[in-house]
Every structure is written in C-alpha cells, then in structure tokens.
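>>> give me the fold of what follows.
(chains A, B, C and D)
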Amino acid sequence: MLTSAHMMALTPVILVCATAVTVMLGIAWRRQHAATALVSILGLNLALVSLYLVYSAGDVSTPLLVFDRLSMLGMVLVLASTLACLTMSHAYLEGYPGRKEEFYLLMLCAAAGGMVLVASQHLATLFFGLELLSMPLYGMLAYTYRDKRSLESGIKYLVLSAAATAFLLFGMALLYSQSGRLDIAGLLAGLESSGGGAWALAGAGLMLVGLGFKLSIVPFHLWTPDVYQGGPGPAATFLATASKAAVFIVLLRIVMVAPAFHVEWLHTVLGGLALLTMIVGNLLALIQTNLKRLLGYSSIAHFGYLLVALVVADGLAVETAGIYLITYLMTTLGAFGVVTLLSSPYSGEDASALHHYRGLFWRRPYLAAVLTVCLLSLAGIPFTAGFIGKFYIVALGVEAGRWWLVGGIIAGSVIGLYYYLRVMVTLYLVEPGMRGRDAPDNWGMKAGGVVVLGLALLVIAFGVYPTPVIDWMSVLTSPVH
Amino acid sequence: MELAFYLSGLVAVLATLGVVTGTNAVHALLYLIVSLIAVAIVFFALGAPFAGALEIIVYAGAIMVLFVFVVMILNLGQGAAEQERIWLKAQTWVGPSILAAVLLGVLVITLWRGNTGLVIEGETLTAKAVGATLFGPWIIVVELAAMLLLAALVTASHVGRLPSATSGEHSGGDQ
Amino acid sequence: MGVSMSYLPLTFLLPLLGTFILALSRGHMSERGSVWVGVSSVGLAALVTAFITIQFMSGDQSAQTLTLWTWISVGNFTPTIGLALDGLSITMLGIITGVGFLIHLFAAWYMRGEEGITRFFAYMNLFVFSMVLLVLGDNLMLLFLGWEGVGICSYLLIGYYYRDSANGAAAFKAFLITRIGDVFLAIGLFLIFAELGTLNIAAILEQAPAHWATGDSLVRWAALMFLGGALGKSAQLPLHTWLADAMAGPTPVSALIHAATMVTAGVYLIARMHGIFDLAPDVLHLVGVIGAATLLMAGFAALAQTDIKRILAYSTMSQIGYMFLALGVGAYDSAIFHLMTHAFFKALLFLSAGAVIVSCHHEQDMRKLGGLWRRLPLAYMGFIVGGAALSALPLVTAGFYSKDDILWQSLAADQKGLLLAGLVGALLTSLYTVRLIIGTFHGEMKSDHARNAEPGRGLQHGLPLILLAVLSTFIGAMIHPPLSGVLPASPGESTEAGHTALELIAAGTAIAGIALAAWLFLRKREALARLVSGGPGASLWTLWNQAWGFDLLFDRLLVRPFRILVFILRRDIIDALFGLVASITKGLNAGLTRTQTGRVRTYATSMVLGATVVLIFLAFGQ
Amino acid sequence: MNGIPMEHGLILAAILFAIGLAGLMFRRNMVFVLMSLEIMLNSAGLAFIVAGTAWEQPEGQAMFLLVITLAAAEASVGLALLIQLYQRFRTLDTDAVSGMRG
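Numbers count the residues shown, from 1 in each chain, chains lettered A, B, ... in the order given. Next comes the predicted model:
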C-alpha cells in the first residue's frame, strides 16, 4: 500500500498528471493557447522543484517504482527536455489554424509516462510507462494530419511501435514464465538461482528488440528518419530527446541492476548492435539533403555510441552514459529547436530541406550560430559539449579494451564530421535570389528563441568548463544504495 | 481440461490463419472473433476464468465491434476484396512467412529446450486475487492506465475527426 | 627580465576576436571595414609577438608556462588549459603572426572587389588563431584542438570559390586526407595517455625516457602514429595528394597554408615530440626516408607542371621533404631553421604569383604567360629573389644557408643516401625554378592576358613583397631561432670535417642546375624556332645536332625515361586508393539508402529479421 | 489428470505471435495490419496468462488486463488514423504512405 512517504516521492509525477488534467479541463471550459502553454510550463516547473525536494528526502522505494538517484537524473532529463519542447511548441503552433491545446495535453501525458518509465523497477510499470510515453506520441506526430507527411509519420510510428511493444511484451512473458517474478531485481535474482535459462535469455532478447526499436538501434531503426521528417517539429524533438532518454535510462537500470544481463552472449549481441548502429547511422546520413532526416540518422549513430556504455557496463559506464546523454540532449534540443523555429505548420511541410538553410547566417545570424554550435557538438569538436561526451565514451571503450567499438566510434566520427560540416557550410553560403524560409521577425523575443540560444550557450559552456556537470553526474549515478 | 486446451488452441490457430490470409475485411473480423473466443476458452481451461471473460467482453465484444464499425463506415465493396487478392500474390507473402516461420522455429526450440517442468494444474485463480493485486500494490499502474486511455481518447478525437467543415487542403477552418 | 606571460593569450585572442567581429557583422560590414578588422587583428597579434620576443630574447630564454584553467578531471586525467612559451614556440609564433600579417596585408590588395571578403577574412583570422593555439598549447589536447581547427579552416578556405564544384571537391579532398592523418594523431594521443597518464608535453618528454627503453614497441607505435598525423598535415608521401589540388583557393590562402601555417604543423609536431622519436630511432629514420622520397617525387612532378601555382605547390612538398629529412637525421634545429627561411621565400613566391595572377586577369597557366618581366617588375623581382632562395643560390640567399645546413647534417649523421637524394633534389629545384621564371617572365607574351597585364600598385601590394624579398636574402638567414636547450643537439655540432667541401658541392649543384636549366630551356626554344623557319639553316642545325648528338643522347637517355617517370608520378596511384575508400563509402551509403523504402512493411520486416538474428544468436550462440 | 505443460501454452502463444507477425509483414491493407497487431498483443497476453497460471499467481492475469487496456487504446488510435488515411488517400493501402524515403 502507499504510504505518505510514497505519496511524497510520487509528487513530481502526480504534478505532471495534474497539469495534464488541468489542461483538459481548460480545454473543456475555454480554449486559450497562451494560457494553456503557460499552465503546462508552470506545472512542469513545479514538478522540477518538487523533484529537488524528493531528492533531498532520500531514496524511496514503492512496490513498483524506485526513486533513487538514477530516477532523479532520468526525471530531470525528461522534464527539462519536455520543458524545452513545450516552449518550442508555443512558437510552432502559434499560427496553426486548428486546435492547438491538445498538443500540450498529449505532451504532458507523455512526460508523465517517461517519468514513470525511468523510475520503474517492475515490468508492469516498465511496460505501462513506455506505452504512456508512446501513445500520446502517435497523436503528436499525426497532429497536423492535414499535412500528408505528418499523417504518414503517425501511421508508421503507430504500426511499428505497436509491433515493438508486442515483442517487448512477449519477451516479458517469457522472462516471467521462467522466474515467476515481475520485479526487475527479483526476476533476475530468481534467474540466477535457477541457473539461468534459455527462456529468460530469449525473453531478454525480445525485450531488447522492443526497447531497441524505441532507441532506433540498427536494424530496428528504419522508421526513425521518416517519422522525424514527417512529424511536427516539437513532436519530433520530443521523440528524439525525452522519449529516447527515458528508454535509455530504463535500459541502463536493467543492465546495472541485473547480473543476469551480464551473460557474455548478450553482451556480444549488444556490442554487435552498437557497432552496426554507429556505422550504419552515419553512413545513411552521408549525402542526406533533408536536415530533419539527417538529424534522425545522426541520432541513430549517437545511440550507437551510447550503447558502448551498456556493453562495458562497469567502472565509469553509468557516469559516462549520463554525461553522454546530457550532451546529446542539449545538442539535439538545440538543433531541432532551430528547425522548429523556422517551421510553421500552416505553411506546409516543415523547413527541413537543406536548401532552406542556405545562407541562413546572413538572414538569421543567431539562429545559424546556434545551429552551428549544435552541429559542431554533434560532430564532437573539442570545446563543445559533444566532445566531452564522446571523449568519455572513447575513454570507456579504451579502458575496457573494446577495440572494435573504439574503432567504430572513430570511423563513425570521421563520416559524421563530413556531413555535419556540409550542413554548416550551407548555413554560410551566399546565394542571391534564393530566399529561404524565415522565422518570424521577433523570434528572439519569443521564449523558443531564448531557449535555443540558452541551449547553445550551455553546449559551449559545458564544453569549455564541464567540471560542475561532471561532478553532478558522478553524484547522481553513483551506485544505488 | 487438456482436451479443451488443445482443441481450442487448434481452433485459435486456424482461425487466426484465416484472419491474416482473408481477403474480405468483414470475414476476417469474424475469424478474429472466433480466434479470440477460442483463446478465451483456453483461458478457462487454464484456470483463468476472469481473464477469459474479459477476453470475450473487451476484446471480442468491444474492440472488434470498433473494427466492425470502422469497416462499415468505410463501406468497402467487392472491389476491395479483389484488390486484396491482387496484393496477396505469392511473392508478397512467401518471404515474410518464411521469416516468421524461422522466428517461430527458434522460439519453439528455445521453449522446448528451456523446459522448466512446470505444469498448469488448472487451479482457478479468482477475480478477487487479481483485483487485490491490481488495487493493492499495482494501484499506480491502474492510474497510469487512466492516463493512457485519456491520451488515446484525445488522440482519437483529434485525429479521427471527419472533415465536416474542411473541404480541402488549403482550408484553414477546423471549428 | 622575464617575459610577461599575461600578454601571451592576446596572440590568439586577437585573431579570434577578428573572426567574431567579421562573422557577426553578417555581411553588413563594408569591404574597407572588413579589411581593417581582418588585417589589423593579425597585425596587432604580430606586434604582441614582437614585444614578447624582445622580452624573451633579452631574458634567460627559459621555457615558461601559463596555466589558464583545469578542463576536465576524470580520475587521473586532469588536462589543464595552459600555454607554453619556449624557443621553438616563439619561433613558430613569429613566423605565423609575422608572415601571416604580411599575407593578410597582401590579401587586402588581392581580394579587393571580391564578393564575400568579410567571410574570407573571418576564415583567415580563424586560421591564424588555430595555428597559434597549435604551437602555444602546453598539452597535446590543445595542440590537437588547433590541429583540427587548422583542418577545418583549410577546408573552408580551399573551397572559398564554392560556386565551382571542383573547388568543393578539392577542399573535401584536402580535408579528408588530412583527416586520415588526424585519426592517426588521435590514436597516438590515446596511446601516450594510456601509457603515461598525461598529455602535458613537458611531462611526456620528461617521463618518456624513464618509461620506455629505446626501441620499445609501444613507443615505436606512438611515434608512428604521430608521424602519420604529421604526414597528413605536411603533405608528405603517401598523404601528399591534397596539396596540389588545394591550389583551388585564393592565392593568399595558398601562401598562408604553405608558408605560415598548416603544412609546417607536421614539422612542428615532430620537432616538439622529439623525445618520443629519439626513443624510436627506426621511426625517426623512416621520417628521413619519407622526406627524401617526397622531395624527389615532388621535384620531378614540379618539372611537368604548367600551372604556376601547382609548380609552387610541388616545390613546397619538396622543401617540406627537406625538413623531414633533417628531422630524420636528428637535426631538429636545422629543420626549424629551414622552416623559417622557407616561410619567407615561399610566401614571397606565392604572393608574387598572386600579383601575376591578378595582373593577368586570373590566368595562371605558364603556357599562356611569358615576357612579363618588363610589365610586372615587382613581381619579377619577387620571383627572382624567391626563386634564387628556393634553388639555394650560394651566399646571397637565405635558402642556401638553411638547405646547406640540412645537407651538412645528413653528412655528419653519415646518411649518404639521404645526402645524395638531397643533392639530386637541389638540382631538380634549380631546374624547375628556372623553367618557371623563364616560362612566366621571358620569351614572348603568349596571350592577351599577358599582353594586357597591369602591374599592382599601392602599399598593400608592395610592402609585403619587398619585406619578404629582403627576408629571403642572407638577411633572413641571420635570424637565428633560439632553439638551443629546447631541441637536442644536431649531429653536425661535434665535427666540422668536410663541411667546406660539402658547401662547395652544394653551391656547385645549385649553380650548375641553374646554368643547365637556362641553357636547356633557352637553347631548345631557339632550336625549335630554327626548325620551324626551315631552309638551309634547318639542315645545318640537323647536321650540328647529329655531329654532336648530345641532344639526342639527352633525349634518349634522360628526357624520355624522365618524362615517363614524371608521367607516372603525375598520375598518383595512391590518389586512386583514396578514391576507392570514398567510393566504397558512397556505395555503402547508396545500398543502405535503398533500405529506406518508406514502406511500413519493409520496416516491419527488417525489425523481424533483426529479432530473428538476435534470437538465433542467443539460442544457439552458447 | 496431469495438467498441461507450461511450454505447450507458450508454444501456442508463440504460434499466434508468429502468425500475427507474418500478417504484419505481408498485408498492405491497414485494417489487416491493425488486426495483425491485435493478434500479436493478444498472444503476448496469452503468454502472460499461461505463465501466471503455471506459477499460480494473480500477476499474470493483472498483466493481461494491462495488455488488453493497451490493445483497446491502440485500436482506437489506430482506427482513427485509418479513417484519416482513407480521407487523405482514398485507400487503405499502407504502401500509399511511403512519401518519405531515402
């Protein structure tokens, strides 16, 4: 049963859900775009504040959820990403002719799902958190369904994600039938006592398929570029950041908590997938001319790098994963943020073709600068956040002697640099006659502009002086006690 | 009890095959309902009558009715079945079927080899026990289910709107 | 008097500031303003450098460091952001900012009226910034950062005329090939760090001899990786192919790349990491062999070019080959000395070439120029002085002193093979230099571009040329880099036996080469003219020809095989290899892109396929 | 009576799962695709029931309940999208929505 300590620990999740309900009631009473956005942002900020209180109260464990440092990290990442996405949504949806408010409701539901997911220590919450994270995304992706691409991306994501869920569930059922337990720790402790087992291994493999789909690990990655390209900017951003971060953290928790996952063969498979993912992701992006697709491919590659932390799974692995994740989130939010700010749903497709960005610098220097910084960071150039993350990953791989993976990271980075650079150069070209798409003039005044600018500054600040974040991360990811 | 399990299991498999190979949507739906009822009987045979009842009420009763409604709304005629037949050429289905069969083979081998020796006695697990679990330690998940359904509802109502007011791609009005 | 280190960051902050100002003006700045910002930022940096140099030279010339802050601290890895100043870095700093400033000044003349001049100067300033960072960093991390920055800037500048896709290809080629070197360097960095636990250069040089025995396999690998990095940046065999194509950029960019930045980075790296190379003598020897091979290869290739910039590009390759040769025999200070004199005369040659090119309306094919010496006296002077220095004309040129030093060191190190290669290279250098000057400035004017050539005017045009010309003479050779104590002693310091003889041989080679070339190219042209005129003169010429038979002999014995060799070397086999890598990458990309069919069915199938493979692995793998 | 071995129940679930998977891969009509998804989810639910009853725990059925909830939600959203697909493209062919590729 739930005690008051449990309720206390659940406050952040409850606050987000309550905000969602408030937004729903608001829609029923009177539609007001700005107010809805404001309420949502307020609710998320409250949740962030309450998160700090929960954190200072110490670890709490309910039957299904655990509120430890890793969950805190996950929740902070999910909430912060959602906050950024919401802020961009306001700028994005301002000109949308249809109903705008439902988008916030859906995003809040998804955020709640993400928060549950990162804190889950039981298959039931893992499964339902994941679904609560995905279900609203179908709606968000197909939100501007008048645009065929948006509808297409919604349908693709629905069908494939449901199939992935079926894989996940079947895997869970197999694990359950072997051990008779559903909580992650007990489930795997039970496995140990029964001497491991073929069912459990197969179950773990199927779960890997389900979760690998959400993280777009090769060969479960094919949906990624299409869905990113078609979905409205904020939805694609959310999918690339909050959703992936939450899924990755739960995977991290499973690998960390469960000794049964230290089966060598599982590691071999994971390592193979990681190598494949980083190479294929980068190769696919090579000559891509659509920025959103390119970012999609690049996110595939980045999760390939991140998987290295799971393959190594000891020493500094958790800290490394945390650092890489945070650099990835900052950078991706910034890059997608620029795309979102340049797009508007009532002028057709999002501005994502590369030629929209030709000479962007000469029209929107700050926006172009933000995008440049983000691309540099994605490429892992020193003195940006991305470099710190990549450095940690490479150091981890070297320390563990996983030379193949280190080689893959290096090869991937070389390819990566090529296409990031190509985009960067495009931003600075001067092309008379060709008028790209402009963001509304006063974007700088708008919250979305402030957010992306802040993100870019963060990326640089973290790259030049990363110590505070690293210290913070090493505290948050220190072993669960 | 074993007989009921194996027999209804066979029915379920056959009916499901009928679903994925069918060309007429309504017929396929009927097959699916048969399959679901057969699975429900499996549940009864295994000693999970509550789940069996839910399978019939929610799955066969509610979800399938939703499907039927939609198929009726779209009012696909004879041409649709013809189209299905054209789409279901051998080169379309052989490859995927082999792939699925390989996956099934691996799964079956794994299941066979990893046999835990547990046998289902058919002890009935009552709805009370299930309820005690759900509304005891699992209460959070039930709340989450509410959120999930809310999200699904909002999505369906937003996306599924028929274009009563809109007449074209360029029309702005949606109210 | 010690050096006030607090001024040191200004040397790279000023160019960086210039970049920022130019970048953020986003094209609203006038051409005049852009030039002012772009040139003065580097000029001020040069002033600061001069100030620091004066302080340094009047002090005890000891190495000093300035720690800015600690970057990351992971376990025992605590790289500090710090700057180091010693004789080597101050020499490099002087070259980069000093010569860099003159090139910037000239660029103001060269680029006038061009579109996107703001962008140009923003990149140029960034280039200088990266290079300064490279030489000032007290740890390999910072060095690597500058190293990468230089690579990116070269990409941007080579592809500056982006309208022509060939330029983009050249830029990409340069970037990709130097990037291969970068990967080696990065691996070397990791190796060093894994072994020594530090990236601080001073600490590495201090700990390395205690940590490794001479010839230890790990230190050999580390040295090889550093060598790989240096080969890429310095355009040595087999990573040299980008340099000639890099001529696609504006000529001041070529000057900057060849004289003050970029290609010298590899030489600097090896000199800087001399402690590692000294522990791996066979790798060090390999450095020398590669240098020798490159200088020969490039010398031959230069003979077969008609584009004046390409001739200069190959000559750079060849001269850097001399520097590598010097490094290879352990004469680090000779390498740096040649680096300095080369910076002077190569900058002079490139800027003079730039003057010719602008004056002749962007015509740079030697076959269409000619007879320009009267019209473009200043450029002619530049070519004569620079060319003399390049071919090491004895006593009066800077190039003579530095090249002679290298040859002497290789003799002192008892490397006869390398010495011979150096001498042959010197002959080749004279040959192609004279051919270049005769072809461009003498004979008849072969096109309207040449006939309508307008000489450049103004301070921006004249001052850099004159200053660099002065520095290319023996005056430049009087500048002695304060390298003692920073770099180990050269082999030639202990003995003087045979030095004078070698000096005479080297001087003789250069003069003989020039004379031979003058005779060859002028005589052949005359003979051709007579042949065309026909009549009794022609038959007489044939008679003389057969009587002496030298021409025929030369043709059969030297020119033909030589041309074949040149032909083979011109079409690089290694170049094709890189093309193969690129096409494999592209092919993979195309194949993988085909999987993105856009169909849900395909995507689901790929997922199931993946699941099946994973399951099979897990079920049957153990 | 000896009861039913657990693996038999799981194999039945696996067969249904594989059939659903095959349907998902080769059907083009979105109605059938959605039905295939329902089959797969249902088979996972069956597997949970089998495991739950074998271990004589109520958790299996509780999980089944969650699965069924998800199936309902998935179906409603899927059908909404299907209606919209038909509105836009006048077809139920999922291959029609393959405008984005490469």
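>>> residue contacts, the most centrally placed residue in chain B?
In chain B, the centroid-proximal residue (C-alpha atoms, centre = their mean) is B:Tyr59; its distance is 6.8 Å. B:Tyr59 makes contacts with B:Leu36, B:Ala40, D:Glu38, D:Asn42, D:Ile68, D:Ala71, as judged by C-beta atoms under 8 Å, 6 or more residues apart in numbering or on different chains. (C-beta placed from N, C-alpha, C; glycine too.)
>>> check which helix or strand the second one maps to.
Using DSSP states H and E, the element containing B:Ala40 is helix B:25-46.
>>> show me where pLDDT drops low in chain D?
Within chain D, the stretches with pLDDT under 70 are D:1.
>>> over to the stretch 251-400 of chain A?
The stretch 251-400 of chain A contains residues with pLDDT under 70 at A:258-263, A:345-349.
>>> which residue ranges of it form strands?
For the stretch 251-400 of chain A, no strands are identified by DSSP state E, counting those that start in this stretch.
>>> mind listing the helices for it?
Assignment of helices within the stretch 251-400 of chain A using DSSP state H, counting those that start in this stretch yields the ranges A:264-285, A:291-312, A:317-342, A:360-363, A:365-379, A:385-400.
>>> and what of chain B?
Remark: helices assigned in chain B by DSSP state H are B:2-21, B:25-46, B:49-54, B:64-74, B:78-87, B:90-113, B:127-134, B:139-159.
>>> wait, does the fifth one contact chain D?
When you say that, I think you mean helix B:78-87. Yes: Helix B:78-87 comes into contact with chain D (C-beta under 8 Å from any C-beta of the partner chain), by way of B:Ala80, B:Glu84, B:Trp87.
>>> how many neighbours does the first one have?
Applying the criterion other C-beta atoms under 10 Å in any protein chain shown, we find 19 residues in the vicinity of B:Ala80.
>>> contacts only, for it.
B:Asn24, B:Ala25, D:Asn29, D:Leu92.
>>> by mean pLDDT, which helix or strand of chain B comes out lowest?
Of all helical and strand segments in chain B, the minimum by mean pLDDT, DSSP states H and E falls on helix B:78-87, at a mean of 80.
>>> that one to helix B:2-21, inter-axis angle?
Inter-element angle recorded for helix B:78-87 and helix B:2-21: 100 degrees (by axes from the mean of the first three to the mean of the last three C-alpha atoms, to 10 degrees).
>>> and the helix holding B:Ala40 with helix B:78-87, angle?
On the basis of the same axes, to 10 degrees, helix B:25-46 is oriented at 70 degrees to helix B:78-87.
>>> does helix B:25-46 reach chain A?
No: figure legend: helix B:25-46 not in contact with chain A (C-beta under 8 Å from any C-beta); closest approach 12.6 Å.
>>> what is the orientation angle of that helix with helix B:64-74?
For helix B:25-46 against helix B:64-74, the angle by the same axes, to 10 degrees is 180 degrees.
>>> confirm C:Thr67 sits in a helix?
No: using DSSP: H, G, I helix; E, B strand; the rest coil, the secondary structure at C:Thr67 is strand, not a helix.
>>> confirm for me that it is in contact with C:Gly82.
Yes: judged on C-beta atoms under 8 Å, C:Thr67 makes contact with C:Gly82 at a distance of 4.2 Å.
>>> settle it for me: which of the two has more neighbours?
Shown here are C:Thr67 and C:Gly82; by other C-beta under 10 Å, C:Gly82 has more neighbours (20 against 12).
>>> helix/strand/coil for that one?
Taking three-state DSSP, the label given to C:Gly82 is strand.
>>> so how far is C:Ala203 from it?
Noted for C:Gly82: a distance of 11 Å to C:Ala203, by C-beta to C-beta, to the nearest Å.
>>> got the residues of the stretch 101-250 of chain A near chain C?
Residues of the stretch 101-250 of chain A lying close to chain C (C-beta under 8 Å from any C-beta) are A:155-156, A:159-160, A:163-164, A:167, A:198, A:201-202, A:204-206, A:208-209, A:212-213, A:218-220, A:222-223, A:225-226.
>>> can you rerun that using 7 Å?
A:156, A:159-160, A:163, A:167, A:198, A:201-202, A:205-206, A:208-209, A:213, A:219-220, A:222-223, A:225-226 (C-beta under 7 Å from any C-beta of the partner chain).
>>> C:Gln409 is in contact with C:Ala326, isn't it?
Yes: when contacts are counted by C-beta atoms under 7 Å, C:Gln409 is listed as touching C:Ala326 (6.1 Å).
>>> those two: which is more packed in?
Counted by other C-beta under 10 Å, C:Gln409 and C:Ala326 do not tie: C:Ala326 has more neighbours, with 34 against 27.
>>> quick one: mean pLDDT for the strand or helix carrying that one?
In this structure, C:Ala326 sits in helix C:308-328 according to DSSP H and E. When pLDDT is averaged along helix C:308-328, the result is 86.
>>> from A:Leu333, how far off is A:Leu453?
For A:Leu453, the distance to A:Leu333 - C-beta to C-beta - is 12 Å.
>>> typo on my end, it should be C:His461
50 Å.
>>> which of those two has more neighbours?
With neighbours defined as other C-beta under 10 Å, C:His461 and A:Leu333 compare such that A:Leu333 has more, 29 against 24.
>>> which non-adjacent residue is nearest that one?
Closest residue to A:Leu333 apart from its sequence neighbours, by C-beta to C-beta, 6 or more residues apart in numbering or on different chains: A:Ala84 at 4.8 Å.
>>> same deal with C:Gln207?
Closest residue to C:Gln207 apart from its sequence neighbours, by C-beta to C-beta, 6+ apart: C:Leu196 at 5.3 Å.
>>> shouldn't the one you found be in contact with C:Pro209?
No: judged on C-beta under 7 Å, C:Leu196 makes no contact with C:Pro209 at a distance of 11.4 Å.
>>> and those two? which has more neighbours close in?
Applying other C-beta under 10 Å to C:Leu196 and C:Pro209 shows that C:Leu196 carries more neighbours, namely 18 against 14.
>>> ok, that one - contacts?
C:Ile204, C:Gln207, C:His211 (C-beta atoms under 7 Å, 6 or more residues apart in numbering or on different chains).
>>> try 8 Å this time
Neighbouring residues of C:Leu196 by C-beta under 8 Å, 6+ apart: C:Ala203, C:Ile204, C:Gln207, C:Ala208, C:His211.
>>> if I look at it, how far off is chain B?
Using C-beta to the nearest C-beta, to the nearest Å, C:Leu196 is found at 49 Å from chain B.
>>> what of C:Asp333?
With C-beta to the nearest C-beta as the criterion, C:Asp333 and chain B are 69 Å apart.
>>> that residue contacts C:Ser490, doesn't it?
Yes: counting by C-beta under 8 Å, C:Ser490 is a contact partner of C:Asp333 at 6.0 Å.
>>> of the two, which one has the most company?
Neighbour totals were compared for C:Asp333 and C:Ser490, and C:Asp333 leads with 25 against 22 (other C-beta under 10 Å).
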